[in-house]
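**Student:** I would like to see how this sequence folds:
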Amino acid sequence: MNISDEPRFAVEGSNVTVVVGRDAALLCTVENLHNYKVAWLRVDTQTILTIGPHVITKNHRVGVSRSDSQTWSLTLRDVRPSDGGRYMCQINTEPMITQTHILQVFVPPDIVDSSSSSEVMIREGDNVTLHCAASGTPQPTILWRREDSALLTVNGKSVLKWKGEWLNMTSVERQMNGAFLCIATNGVPPTVSKRIVLHVLCKPTANMTQKMIGGYLGESVQLQCMIEANPPPVVHWTHINANRLPNGSKYQASMTSQGYKHTAVLKVNNVSRDDIGSYHCYAENSLGVESDDITLYTLATTTVTTTSTTYETTKMDTTSSQPYAELNPNDEMYEKDSFEEDNYVVVLSQHQMQSLDHPPSS
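**Tutor:** Numbering: from 1, shown residues only. Model (predicted):
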């Protein structure tokens, strides 16, 4: 037999990439095969898979076919990560000739829960390290971000995202309280993520939305206190005598929360002169207690009749210790003799009434 008639490989060995769970095919093209046979072997285990058209291995996922007179195809169904490696196409000449093919099995990313952070609890001002481990082929890249898309503070810098298995944050502030997402990707869909909740424990702060508020006699008024605290605080309200106000028909206390931010509301029903004065909002958790105050004054609308005109004026009730607007007897619509003399009552002009519609805020 001439050298030109001897069996030879028509193309070079292939490098095939397939995603786990799919089927893979390795092609071996031989010219001048004559009566020789083509065999497929697994290199790392030296396992004979096929000889000619016959499957030798007991692995039911392995198959062999001949697409034309020169091409022998080794097929692997439902590829697994363990199928990755080197495969050899062999012709039984003397000496034998071989060709190597490489199968790469890509695996989508997966978060390794046992090696990753879960819920983490620290005190405000402490340092914290979050870890996210992922497996996959190729090795996944880890990206961190806040679930609410707020900024991260890493190494003194504010960033939207951070890359790496480890997220190190120093002197953590209460604003970092919430859920973090570690996202693993390696170019093989689907991308996966893990939700890690960071609890930043902080002592309460309390701030009234206003320092003074007016309420009409006989109606209701709401006092609002903005609180930051984690764990969530226990809130109570007091009036002048420092006794806790009971929750009932007269006083109705409620609180709504979002993360470490809380809004406490005290509704005072059927406002009377007895309700005048300062109210304190107390917020307490295991790390401390904080309070703030607000002053309630009362308003009453009264009709004043003169010989030719009927006016509506407003009375403002306040305690003698609370300042009130000075009145000018020359102001329009001022009637100094229209009410009985009362230390708790002042009569306001139209201009001053308009000012009362917008109580000063803190």
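
**Student:** Excluding chain neighbours, what is closest to Gly215?
**Tutor:** Val221 (3.2 Å; Cβ to Cβ, 6 or more residues apart in numbering). Any C-beta I mention is one placed from the backbone N, CA and C, and that applies to glycine too.

**Student:** Domain boundaries for this protein, per the record?
**Tutor:** For the chain, automatic domain parsing gives the domain ranges 7-106, 112-200, 204-296, 298-356.

**Student:** For those, please prepare a markdown table with the additional fields mean neighbour count and mean pLDDT.
**Tutor:** As requested, the domains of the chain are arranged in a markdown table below (neighbours: other Cβ atoms under 10 Å; pLDDT from 0 to 100):
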| stretch | mean neighbour count | mean pLDDT |
| --- | --- | --- |
| domain 7-106 | 15 | 96 |
| domain 112-200 | 16 | 96 |
| domain 204-296 | 17 | 96 |
| domain 298-356 | 13 | 45 |
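
**Student:** Return the distance of the residue nearest to Gly215 relative to Lys211.
**Tutor:** In this view, Val221 and Lys211 are 14 Å apart by Cβ to Cβ, to the nearest Å.

**Student:** same check, this time on Lys37
**Tutor:** Lys37 is 96 Å from Lys211, by Cβ to Cβ.

**Student:** for Arg145, same thing?
**Tutor:** Shown here: Arg145 relative to Lys211, a distance of 39 Å by Cβ to Cβ.

**Student:** what's the answer for Leu287, then?
**Tutor:** From Leu287 across to Lys211, the span is 26 Å (Cβ to Cβ).

**Student:** for Leu103, same thing?
**Tutor:** Distance from Leu103 to Lys211, counting by Cβ to Cβ: 74 Å.

**Student:** now swap in Ser82 and tell me
**Tutor:** Distance from Ser82 to Lys211, by Cβ to Cβ: 71 Å.

**Student:** Quickly list what the residue nearest to Gly215 is bridged to.
**Tutor:** Val268 (DSSP bridges).

**Student:** ok, it touching Val268?
**Tutor:** Yes: using Cβ atoms under 8 Å, Val221 is in contact with Val268, at 5.2 Å.

**Student:** What are the boundaries of the helices in the stretch 1-150 of the chain?
**Tutor:** In the stretch 1-150 of the chain, no helices are defined using DSSP state H, counting those that start in this stretch.

**Student:** just the strands in it please.
**Tutor:** For the stretch 1-150 of the chain, strands defined by DSSP state E, counting those that start in this stretch occupy the ranges 8-9, 15-19, 24-31, 38-42, 47-51, 54-55, 62-66, 71-76, 85-91, 97-111, 120-123, 128-131, 134-137, 141-146.

**Student:** quick one, which of the ones you listed is nearest to Pro204?
**Tutor:** With distances scored as Cβ to Cβ, the stretch of those nearest to Pro204 is strand 120-123 (13.8 Å).

**Student:** From the contact counts, what lies against that closest one?
**Tutor:** Here strand 120-123 touches strand 128-131, strand 192-208, going by 3 or more Cβ pairs under 8 Å, 6 or more residues apart in numbering; DSSP states H and E.

**Student:** Would you mind saying which of these lies nearest Trp162?
**Tutor:** strand 128-131 (9.7 Å).

**Student:** Direction included, what does the closest one pair up with?
**Tutor:** strand 166-169 (antiparallel).

**Student:** The helix or strand just after the partner strand pairs with which strands, parallel or anti?
**Tutor:** Sequence-wise, the next helix or strand downstream of strand 166-169 (DSSP states H and E) is strand 178-185. If you go by DSSP bridges, strand 178-185 pairs up with strand 141-146 (antiparallel), strand 192-208 (antiparallel).

**Student:** so how far is strand 178-185 from its chain's centroid?
**Tutor:** Relative to its chain's centre, strand 178-185 lies at 8 Å (Cα atoms, centre = their mean, to the nearest Å).
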